[in-house]
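Colleague: sharing a model prediction with you, sequence too.
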Amino acid sequence: QVQLVESGGGVVQPGGSLRLSCAASGFTFNDYGIHWVRQAPGKGLEWVAFIFYDGSNEYYADSVKGRFIISRDNSKNTLYLQMNSLRPDDTGVYYCAKDWGERAIIFDYWGQGSLVTVSS
Amino acid sequence: EIVLTQSPDFQSVTPKEKVIITCRASQSIDNGLHWYQQKPDQSPKLLIKYASQSISGVPSRFSGSGSGTDFTLTINSLEVEDAATYYCHQSYNPPWTFGQGTKVEI
């Protein structure tokens, strides 16, 4: 069965950096695009970033462009999100979500989420 | 950016009732509209893709319809376990966006 397990969340000061990881199993990782989606406390869902199945292309929400970098290591079945210049409004649960296809932009499986708190 | 507006924001219902949630897009998105269910303290779950296509394992009481700018999610004969927040999401153009959510309380 498909499993996505995020790790790397925690508390960080404004301006700091954090790297999230998402370990995938139960499917052929290098056949599918993968996303990061976040949810601020008590708020709705916000798409953050997407990477193609082969890592050849990336997309970012305007709110994180230039600060966050999505990447993947297909040899390790792992997705990453490098988050720099963190701000308090980046606080929330970060989910990795598998795409239904190479680039369908449909989130068919989700991890349990990793909490990021940006606070001094 | 394509804005998705859901209505209502909140709905209090009783078991076996029929629930209809609407999602309106700020421009035409063809059938690039998908629905998710998020129960408290859980990750979201895909319910419907491409406006009306069912997902394996999702109960048949969940159905979707619409195209262009207006879409609906219908829950027939609501069950207690359906208490959740429901989100629509568009895959038509980046940045890919979600509606604000509709909380269904039993």
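Modeller: Structure received. Keep in mind that what you see is a predicted model, and the values were worked out from it rather than measured.
Colleague: residues of chain A that sit close to chain B?
Modeller: Contact residues of chain A with respect to chain B, defined by CB under 8 Å from any CB of the partner chain, are listed as A:37, A:44-47, A:50, A:59, A:61-62, A:95, A:100, A:104-113. All C-beta atoms are positioned from the backbone trio N, CA, C, and that covers glycine.
Colleague: strands - which of those residues land there?
Modeller: When DSSP state E is applied, those are split such that A:37, A:45-47, A:50, A:59, A:95, A:107-110 fall in strands.
Colleague: which single one of those residues is nearest to residue B:6?
Modeller: Distance to residue B:6 across these (CB to CB) is lowest for residue A:45, with 11.8 Å.
Colleague: need the contact list for that closest one.
Modeller: Contacts here follow CB atoms under 8 Å, 6 or more residues apart in numbering or on different chains; on that basis residue A:45 touches A:37-39, B:36, B:38, B:44, B:87, B:89, B:98, B:101.
Colleague: want to throw the ones in strands among the residues of chain A next to chain B into JSON lines with pLDDT and distance to residue B:94?
Modeller: What follows is these, written out as JSON lines (pLDDT from 0 to 100; distance: CB to CB, whole Å):
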{"residue": "A:37", "pLDDT": "98", "distance to residue B:94": "14"}
{"residue": "A:45", "pLDDT": "98", "distance to residue B:94": "15"}
{"residue": "A:46", "pLDDT": "98", "distance to residue B:94": "13"}
{"residue": "A:47", "pLDDT": "98", "distance to residue B:94": "9"}
{"residue": "A:50", "pLDDT": "97", "distance to residue B:94": "8"}
{"residue": "A:59", "pLDDT": "96", "distance to residue B:94": "5"}
{"residue": "A:95", "pLDDT": "98", "distance to residue B:94": "18"}
{"residue": "A:107", "pLDDT": "96", "distance to residue B:94": "14"}
{"residue": "A:108", "pLDDT": "94", "distance to residue B:94": "19"}
{"residue": "A:109", "pLDDT": "97", "distance to residue B:94": "21"}
{"residue": "A:110", "pLDDT": "98", "distance to residue B:94": "20"}
